[in-house]
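Student: What follows is a predicted protein model with its sequence.
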Amino acid sequence: MKITVEKLKSMKGNEKISMLTAYDYSSAKVEDEVGIDVVLIGDSLGMVILGYDTTQKVTMQDIMRHTGAVSRGIKKAHIVADMPYKSYDTEEDAIKNAKLLIESGADSVKNEKKPEIAKALVQAGIDVMGHIGLTPQTITDFKVQGKDQETADKIKEEAKALEEAGCYALILECVPRQLAKEITEGIGIPTVGIGAGPDCDGQVLVVNDMLGLFTEFQPKFVKRYANLSDEMKKAIKVYNKEIKESKFPTDEQSFH
């Protein structure tokens, strides 16, 4: 059965939520088959798939196209689509664009901060995942957020506000472990951490990071479960060599 918002909310305190990004049909299909709970079409695709230097260049068309591809590979996992930069500046824009993402195959959408926008989306019948802490679309200082009392208190307030706005879950990105623990214990909806320690209700990573496909840099919070970039290089090097030496294709790969 498809994993619903109600199912995810019921997992808080009972079962950890596994979440991973996907941007294409094949990867989404694998993630779904192994039991990932939530698949995110993140605006991280701008950097790891499209080669941009920032997520701000990702468009609605980009997210819609990749959401469609991912949704065709998913049978069970809950599908969340990121709302890209500038796509939810007003309530009207947010509702219009969120509906386009749902039509593209998403089960819910994710936006950074803005509880008033989240509330408008929920009232329009659209499920919303919030995102606080380090928010890549708007932040200029890419470092751990909430290390001093003032900013920690602000992040706690944002968590409460997004819960009250109707969000069904929150992403906590790059915040100290203790702060993430306090937020997780202080709200009634699940938290999903990325660089927020083990006390959140779930965890998310960018699939290209954890598989070692994106190698330009490795954030502290990323654990590499494979080094597929190296494996790809080895395979493609052999392929290239066999073509040059007329070893591929052989009679076995030929039609008669």
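Tutor: Right, received. Where do you want to start?
Student: Residue 206 against residue 42, yeah?
Tutor: Yes - at 6.6 Å, residue 206 counts as touching residue 42 under the criterion of C-beta atoms under 8 Å. Bear in mind the C-beta positions are built from the backbone N, C-alpha and C, glycine included.
Student: Who has more neighbours out of the two?
Tutor: Applying other C-beta atoms under 10 Å to residue 206 and residue 42 shows that residue 42 carries more neighbours, namely 28 against 22.
Student: so how far is residue 233 from that one?
Tutor: Residue 42 sits 25 Å away from residue 233, taking C-beta to C-beta, to the nearest Å as the criterion.
Student: hmm, back to that, what sits in contact with each of residue 206 and residue 42?
Tutor: residue 21 (C-beta atoms under 8 Å, 6 or more residues apart in numbering).
Student: all strands for the stretch 51-200 of the chain, in order.
Tutor: 78-82, 108-112, 128-133, 169-173, 191-194 (DSSP state E, counting those that start in this stretch).
Student: With mean pLDDT added, can I get those in a markdown table?
Tutor: Converted to a markdown table, those look like this (pLDDT from 0 to 100):
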| stretch | mean pLDDT |
| --- | --- |
| strand 78-82 | 98 |
| strand 108-112 | 97 |
| strand 128-133 | 98 |
| strand 169-173 | 98 |
| strand 191-194 | 98 |
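Student: Which of these sits closest to residue 88?
Tutor: Checking those against residue 88 by C-beta to C-beta gives strand 108-112 as the closest, at 5.2 Å.
Student: Sheet partners, orientation included, of that closest one?
Tutor: Here strand 108-112 has these sheet partners by DSSP bridges: strand 78-82 (parallel), strand 128-133 (parallel).
Student: Just the CA trace of that strand, in PDB.
Tutor: Written as PDB, here are the backbone C-alpha positions of strand 108-112 (Å, rounded to 0.1, in the frame of the first residue of the first chain):
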ATOM      1  CA  SER A 108       3.000  16.300  -1.200                       C
ATOM      2  CA  VAL A 109       5.300  19.300  -1.600                       C
ATOM      3  CA  LYS A 110       8.100  20.800   0.500                       C
ATOM      4  CA  ASN A 111       9.000  24.500   1.000                       C
ATOM      5  CA  GLU A 112      11.500  26.400   3.100                       C
END
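Student: wait, what's in contact with residue 26?
Tutor: residue 73.
Student: burial measure for the residue nearest to residue 135 when sequence neighbours are not counted, as a count.
Tutor: Nearest non-adjacent residue to residue 135, counting by C-beta to C-beta, 6 or more residues apart in numbering: residue 112, 4.0 Å away. The tally of other residues near residue 112 (other C-beta under 10 Å) stands at 24.
Student: Use 746 as the first number from now on
Tutor: In the new count, where the first residue is 746, that last one comes out as residue 857.
Student: From residue 894, how far off is residue 857?
Tutor: Remark: distance between residue 857 and residue 894 (C-beta to C-beta) = 23 Å.
Student: Report the buried residues of stretch 808-826.
Tutor: Using 16 or more other C-beta atoms under 10 Å as the test for burial, stretch 808-826 gives 808-809, 811-816, 818-819, 822-826.
Student: Check stretch 962-982 too.
Tutor: Residues of stretch 962-982 classed as buried by neighbour count (16+ other C-beta under 10 Å): 966, 967, 973.
Student: Check stretch 889-902 too.
Tutor: Here stretch 889-902 shows 889, 890, 891, 897, 900, 901 as buried, counting by 16+ other C-beta under 10 Å.
Student: Then stretch 826-839?
Tutor: Buried, per 16+ other C-beta under 10 Å, within stretch 826-839: 826, 827, 828, 829, 830, 832, 833, 836, 839.
Student: Rebuild the buried residues of stretch 889-902 as TSV, extending it with pLDDT and distance to residue 916.
Tutor: Shown next, in TSV, are the buried residues of stretch 889-902 (pLDDT from 0 to 100; distance: C-beta to C-beta, whole Å):
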residue	pLDDT	distance to residue 916
889	94	15
890	95	12
891	95	14
897	98	17
900	98	12
901	98	15
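Student: Alright, calling it a day.
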